[in-house]
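Colleague: 3D model of this:
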Amino acid sequence: MTAERRIKVIVPIPMDEAGVANRALQLPAEFVAPGFHPEFAAVKWGAALGDSYHDMLLMDWTVFQTGISAEDEGYAGVLIDTVSDSGLRALRSRLSIPVVGPGEAAFATAMMLGKRFTVLTMWEEWFPLYEKTLTEYGWWERVASLRSIDTRPDVTELLAGKEEVIFAKLREEAEAAIEEDGADVIVLGSTTMHQSAAYLASVLPVPVINPGQVAYKQLELLISLGLTHSKAAFPSPEVGKDADIRKGWA
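Modeller: Take a look at the predicted model:
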């Protein structure tokens, strides 16, 4: 019998068990392939909303801290639970197991399904997160627009209790992106928006990318195929046995 392959899913905002459980709902049991087991873990300290360059720095560092021991802990892969892909490249430089971010996975999938995509998000304060990743990946020519509904997000409770209002706003903005910007794919700008994915997919005439689910399935695929990131692209640092970066952390 094949041993269960555990996946560490890193939540980039510190929160209690109830908050982590809400985030984990994006991967229901029936969605997970047999033989895999995602385990959500929130960072111990750090950013609050990811709404500033200050928080972006904290998310990069705390996600890296939380993921650096994943391989030693027996995980088969790491999934970063934020479209900002915080800490992604740093973790790839230290780990041999595959590390996947929802931003990279969702944008790449969008480019497979259409010619130009719109990132649809909760508020403009998150735009710098996408500007960072899209610039790093060099994919701006495939972006139709960045759009928001100007609504402060709740990264713990997510959209619960606000569906009627939020879903209508998201639909209106997505339709504008299609009609005015030429978007032929919509990418949700946060894994915290996963509750809206099914509704938007049912009412919009273009594909809707749920980034957390797309990234998770991409990670399952890499693990199943025995693939991981290239060390030529993400070389490991020359760290001696007595100079491990993890030593001395608070």
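
Colleague: pull the longest helix from the protein.
Modeller: As far as residue count goes, and with DSSP state H defining each element, the longest helix of the chain is helix 163-181.

Colleague: how far is the next helix-or-strand element following that helix from where the chain is centred?
Modeller: Sequence-wise, the next helix or strand beyond helix 163-181 is strand 185-188, with elements assigned using DSSP states H and E. With C-alpha atoms, centre = their mean, to the nearest Å as the basis, strand 185-188 stands 13 Å off its chain's centre.

Colleague: Quick check: neighbours of strand 185-188 in the sheet, parallel or antiparallel?
Modeller: For strand 185-188, the paired strands and their directions (DSSP bridges) read strand 117-121 (parallel), strand 208-209 (parallel).

Colleague: and the angle from the first one to helix 163-181?
Modeller: What it means is strand 117-121. Counting by axes from the mean of the first three to the mean of the last three C-alpha atoms, to 10 degrees, strand 117-121 points 150 degrees away from the direction of helix 163-181.

Colleague: quick one: contacts of the helix or strand that comes right after strand 117-121?
Modeller: The C-terminal neighbour of strand 117-121 among helices and strands, as given by DSSP H and E, is helix 127-137. Contacts made with helix 127-137 from outside it, assessed by C-beta atoms under 8 Å, 6 or more residues apart in numbering, are listed as 50, 53, 56, 82-85, 101, 103-104, 107, 119, 121, 140, 143, 146, 148, 189. C-beta coordinates here come from the backbone N, C-alpha and C atoms, glycine included.

Colleague: Could you rerun that using 7 Å?
Modeller: Judged by C-beta atoms under 7 Å, 6 or more residues apart in numbering, the contacts made with helix 127-137 from elsewhere in the structure are 50, 53, 56, 83-85, 103-104, 107, 119, 140, 143, 146, 189.

Colleague: Next one: Ser196 from Lys169, what distance?
Modeller: For Ser196, the distance to Lys169 equals 10 Å [C-beta to C-beta, to the nearest Å].

Colleague: Show me where the protein has its strands.
Modeller: Along the chain, counting by DSSP state E, strands occupy 5-11, 36-42, 77-80, 99-100, 117-121, 143-148, 185-188, 208-209.

Colleague: now these as CSV including mean neighbour count and distance to Tyr216?
Modeller: CSV is the format used below for these (neighbours: other C-beta atoms under 10 Å; distance: least, C-beta to C-beta, whole Å):
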stretch, mean neighbour count, distance to Tyr216
strand 5-11, 22, 8
strand 36-42, 18, 7
strand 77-80, 28, 6
strand 99-100, 28, 8
strand 117-121, 27, 19
strand 143-148, 19, 23
strand 185-188, 27, 14
strand 208-209, 24, 13
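
Colleague: Please tabulate these in JSON lines, including the columns distance to Phe64 and mean pLDDT.
Modeller: Conversion of the strands of the chain to JSON lines gives the following (distance: least, C-beta to C-beta, whole Å; pLDDT from 0 to 100):
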{"stretch": "strand 5-11", "distance to Phe64": "9", "mean pLDDT": "98"}
{"stretch": "strand 36-42", "distance to Phe64": "13", "mean pLDDT": "97"}
{"stretch": "strand 77-80", "distance to Phe64": "10", "mean pLDDT": "98"}
{"stretch": "strand 99-100", "distance to Phe64": "10", "mean pLDDT": "98"}
{"stretch": "strand 117-121", "distance to Phe64": "24", "mean pLDDT": "98"}
{"stretch": "strand 143-148", "distance to Phe64": "26", "mean pLDDT": "98"}
{"stretch": "strand 185-188", "distance to Phe64": "24", "mean pLDDT": "98"}
{"stretch": "strand 208-209", "distance to Phe64": "25", "mean pLDDT": "98"}
